[in-house]
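Chemist: Give me a model of this one.
(chains A and B)
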Protein chains: 2
Amino acid sequence: MSSLFEQHRATLESALAAIRERGFWSAYPEVPSGKIYGENAKQEGLASYQSHLNGDFELPGHPEQRRVGAEVSPFLGAAEGALGIRYPAADAELLVSHSQAAAAAWANAGIETRVGICLEILARLNRRSFEMANAVMHTSGQAFPMAFQAGGPHAQDRGLEALAYAWDEMQRIPASARWVKPQGKAGDIIMDKHWRIVPRGVSLLIGCQTFPTWNSYSGLFANLATGNTVIAKPHPAAILPMALTVLVAREVLAEQGLPPDVVLLAAEEPGSGQAKVFAEHPGIAQIDYTGSGEFGQWLRRHAATPLVYTEEAGVNSIVIAATDNFDAMCQNIAFSLSLYSGQMCTAPQNLFVPRDGILAGGERKSFDEVAAGIAAAVDALLADPARAAAVAGAIANPDTLARVDAARSLGRIVRDSAPLAGAGPARTATPLIVAVDAAATDAYEAERFGPIALVVAVADAAEGVRRAADLARRKGAITAALYDTSEAGILDAADAFAEAGVNLSVNLLGGIYVNQSAAYSDFHVTGANPAGNACFADSAFVANRFRVAMWRQPAPTSA
Amino acid sequence: MSSLFEQHRATLESALAAIRERGFWSAYPEVPSGKIYGENAKQEGLASYQSHLNGDFELPGHPEQRRVGAEVSPFLGAAEGALGIRYPAADAELLVSHSQAAAAAWANAGIETRVGICLEILARLNRRSFEMANAVMHTSGQAFPMAFQAGGPHAQDRGLEALAYAWDEMQRIPASARWVKPQGKAGDIIMDKHWRIVPRGVSLLIGCQTFPTWNSYSGLFANLATGNTVIAKPHPAAILPMALTVLVAREVLAEQGLPPDVVLLAAEEPGSGQAKVFAEHPGIAQIDYTGSGEFGQWLRRHAATPLVYTEEAGVNSIVIAATDNFDAMCQNIAFSLSLYSGQMCTAPQNLFVPRDGILAGGERKSFDEVAAGIAAAVDALLADPARAAAVAGAIANPDTLARVDAARSLGRIVRDSAPLAGAGPARTATPLIVAVDAAATDAYEAERFGPIALVVAVADAAEGVRRAADLARRKGAITAALYDTSEAGILDAADAFAEAGVNLSVNLLGGIYVNQSAAYSDFHVTGANPAGNACFADSAFVANRFRVAMWRQPAPTSA
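Modeler: Numbering: from 1, shown residues only, chains lettered A, B, ... in the order given. Reported below is the predicted structural model:
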């Protein structure tokens, strides 16, 4: 039964080394190249994706009381874009009971078997990365390049990362030990002790629309490795990526003679509110959640289980104090604002700029010049329609367009938002950039999810850092960025953002962006501010997903 | 500043090895011997204890708005027993603000400095073990031998164990790494990343009367090591042990040039309800709690912070299926029932015995013979007044005597409770043993804290295991024990109790008891049933007491 483990052991060991060293490493190539994934992988992946459209998605043996599904591609418009995929669906009660029925076999399968199966699931998901890319693209609105990377290999890397942490944690518990306590003349007391991993139980995985796999794989694989069964409840607008994941997982489980119901899909139509129903079910032992802070707070307060791991929302900031390379800075920020149209939890919203401008390569740039420089860089980045489409993708949720509209009145428009040129029926919007003063806290202290940026005039960079860190502490933030040429300024900002529980990127230029978070190296979300109570991934993310039980007895006395 | 760390490094390294191997190890000798602790240690410890009586307990520099203290020795009666110690006390608001004021210096002191200080505190506490033994004895009612061991070296070992886990966890986070991502022809992206430990903040430590240090040191040292400041709020009837601990901690902190307010004492009079006031204070970031399930539930639901680590209460059981040595079994159980008069969270309450008796060394013993055998073993154990006093100690809380009284009517009295012979003014009670049928669930499913045992008649041992495990799952349990001669029976019970999250001891005879839980080897409380949500100690106990924040920047380009 542990042959899958042996087959993939080297991958696990490399991941274990990577999470210790935290340099660059990846198990799953991020380049969507035929040389890596097979000459016809791209066409075959597309064909596989298309084969799911307008039909029943089959999950053999999955509990089913009805069929649901109402996904619409943000790229194709309401009329043409309906994916028409019908997923098996069942009530929470039935899914929980199936999950519970599969629990004992999974718990007793043993650590190596479970981890081997997880590694095989990841390997097969990797081979289906092109199919997954299309699935993620047409549910999240991510452009194809991002949908491939974030939905495929990067998500797989996050899954492997969590798996490595779970393995590492479980390996720290010996299966048995002999305990020999000297008692002087009374001789030794000798006990044989045996420990076992006790999983928590049925775990609920509540996904989001924008990163349906990337935000779910850490919890999925942490739970599976530690012996918990999983009910994946994807966002109703982005079911297909997790349905594919569940399909692959169930295939591997069945092949290994284990109950496929270890992994179940809780598909639902928009508005049916299944997340609450599951969360209130006493059979749910743990919850992983990505989504709004409002529902996150409800979960943390009202879920039947206190074991809730969340990534919620926040307001990310960039503070601009000074730079040696104004153009490259503006280009870098422009890319961060445009990438997936600001729909990343790591995307910056607020740009704090000193009212009297900054020093840029020894030259003074006024506040307006800084704002205009970034706006111009956005224009340049999105000038070519093909490139614009590949960067900005589509808007996942129509509400985001309304939010962009409303944001126009927040202050002085530096750069207006518009649909992408030549985007056809796709729902698109380029970044809106609005200038406000630091006094206009209502404008920039609220989270405005989507392609909305506020350039906030502050007295100096120190005020910007203070306001950004304070905002992070109160409302949450996942990323912060700083442009500064002063070592002291950088170190002060590092202190301030660390205290606010925000990861900080300094002076990013070229091909690395504040939005990016690399598995095995960047802890994603600190868990130390309202943007989330957990982190992808660290010991705390996995160590409480199982408990340890012992039995002990006196050692047999030798003859 | 790290010389304390170097001085104690070998102790830490031994503890790290011990928590991995989980065999017997101890840093602090449990034998109250003059050869180990100094020829006059016993007398000096007593004198030091006595010097605190009827006077002001001084904590130099500690915030103080008034003096409080109303401890009474359970050994000396209400009239003579008043310790008369007056502790400095202050409102929650003031204590939290002092704790917060000390936070930055402690967080910035660095891991080695903090851990070195913790190791020095433990070493000094160890040297004061005789003084501590008297303090624990005269607040908890533990007899001197137990007060020395549990209040002194065993508590210190639990503290060191948690410290080792915290160190291990923090060591897994590198301070920095270079991240080099190949980009093919575009060259490498090279980032320098820096990580730091971010403490949670002010941590509240709510102690209990029965084990004022043993149940507090895991949380205390886990928090201090990870950079949190601590407010220790001992039980109002058992302040002195933690006051001594706080005194030692503050001395070491001050000597090392750090703010003594890193560790504060929240002394209070009985009934003043400070635990709630602190728990609702938004400045409290974490809570460690030992006490009733009722207040535990309140804390888990209503504390301002969700980060609450609890040891609550439960109903522990022994299932008697068969034994090879009836007399030794009865003696072992008798000791477990008598030790500290059943006031241990690990003490058994319910003894499940088959209605038609058991096989004991090939001979049939009826249900009544088993019950009578245990009762007779209790009588024999407590026959000698000096030995009885040394085993049973005194009753900490007068309510426990009322509970013993009420329990007499639960069923047929097999052995009545009585004051210990020759105990003078001490509040004492020997074990009450009552026989009931399994149908009398009201009698044995409630926690009856104190020297109260119920012998429960079941159809067979399997029913006993099933009932005991089910009770553990619903009401919590910290220990379970089994006497059985069948390998299959033992393994079935191991499965059942593991699933219920209870540690199981099998066939204990001689000098090892189900009540005993050894640091570095026995995880105390599993965190997997209502008896507590955390464990002394494991990764999960420490890993979420800090978070990690990063800052990253492009590596300097070489010339």
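
Chemist: do you know how far residue A:428 is from residue A:139?
Modeler: According to Cβ to Cβ, to the nearest Å, residue A:428 stands 16 Å off from residue A:139. (Glycine included, C-beta is placed from N, CA and C.)

Chemist: more neighbours, these two?
Modeler: Using other Cβ atoms under 10 Å in any protein chain shown, the more surrounded residue of residue A:428 and residue A:139 is residue A:139, with 28 against 25.

Chemist: my read: the more buried one touches residue A:208, true?
Modeler: No. Using Cβ atoms under 8 Å as the test, residue A:139 is too far from residue A:208 to be in contact (10.7 Å).

Chemist: Which neighbours do those two have in common?
Modeler: residue A:238 (Cβ atoms under 8 Å, 6 or more residues apart in numbering or on different chains).

Chemist: Provide the strand pairings for the lengthiest strand in chain A, with the direction of each partner.
Modeler: Assignment by DSSP state E gives strand A:189-199 as the longest strand of chain A. Paired with strand A:189-199 in the same sheet, following DSSP bridges, are strand A:176-181 (antiparallel), strand A:546-554 (antiparallel).

Chemist: Residues touching the helix or strand of chain A with the lowest mean pLDDT, excluding its own?
Modeler: Sorting the helices and strands of chain A by mean pLDDT, DSSP states H and E puts helix A:77-80 at the bottom, at a mean of 83. With Cβ under 8 Å, 6+ apart as the contact definition, helix A:77-80 has outside contacts at A:72, A:425, A:426, A:427.

Chemist: What does the pLDDT read for the first one?
Modeler: Each residue has a pLDDT score; the one for residue A:72 is 97.

Chemist: is it in a bridge, and if so with what?
Modeler: With DSSP bridges as the criterion, residue A:72 is bridged to residue A:82.

Chemist: All the strands of the stretch 201-350 of chain A, residue numbers only.
Modeler: A:202-206, A:229-233, A:263-265, A:284-290, A:308-311, A:317-320, A:322-323, A:350-354 (DSSP state E, counting those that start in this stretch).

Chemist: now for the ones you listed, which one comes closest to residue B:317?
Modeler: strand A:284-290 (23.7 Å; Cβ to Cβ).

Chemist: So for the closest one, mean pLDDT?
Modeler: Mean pLDDT, strand A:284-290: 98.

Chemist: Mind listing the strands that strand pairs with, and their directions?
Modeler: Sheet pairing for strand A:284-290, assigned by DSSP bridges, gives strand A:202-206 (parallel), strand A:308-311 (parallel).

Chemist: Other residues contacting the first one?
Modeler: Outside of strand A:202-206, the residues that reach it under the criterion Cβ under 8 Å, 6+ apart are A:96, A:99-100, A:103, A:216, A:219-220, A:223, A:228-233, A:266, A:275, A:278-279, A:283-291, A:299, A:545.

Chemist: Please save the CA atoms from stretch A:255-272 in CSV.
Modeler: Provided in CSV are the C-alpha atoms of stretch A:255-272 (Å, rounded to 0.1, in the frame of the first residue of the first chain):
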residue,chain,number,x,y,z
GLU,A,255,-7.6,2.6,-7.1
GLN,A,256,-5.9,2.2,-3.7
GLY,A,257,-8.9,0.3,-2.3
LEU,A,258,-10.0,3.2,-0.1
PRO,A,259,-13.4,4.8,0.1
PRO,A,260,-13.7,7.6,-2.5
ASP,A,261,-16.0,9.4,-0.1
VAL,A,262,-12.9,10.5,1.8
VAL,A,263,-13.3,13.5,-0.6
LEU,A,264,-16.7,14.8,-1.5
LEU,A,265,-18.1,17.7,-3.5
ALA,A,266,-20.7,20.0,-2.1
ALA,A,267,-21.9,21.7,-5.3
GLU,A,268,-24.6,24.3,-5.0
GLU,A,269,-26.4,26.9,-7.0
PRO,A,270,-25.7,30.6,-6.2
GLY,A,271,-27.7,31.9,-3.2
SER,A,272,-28.5,28.5,-1.7
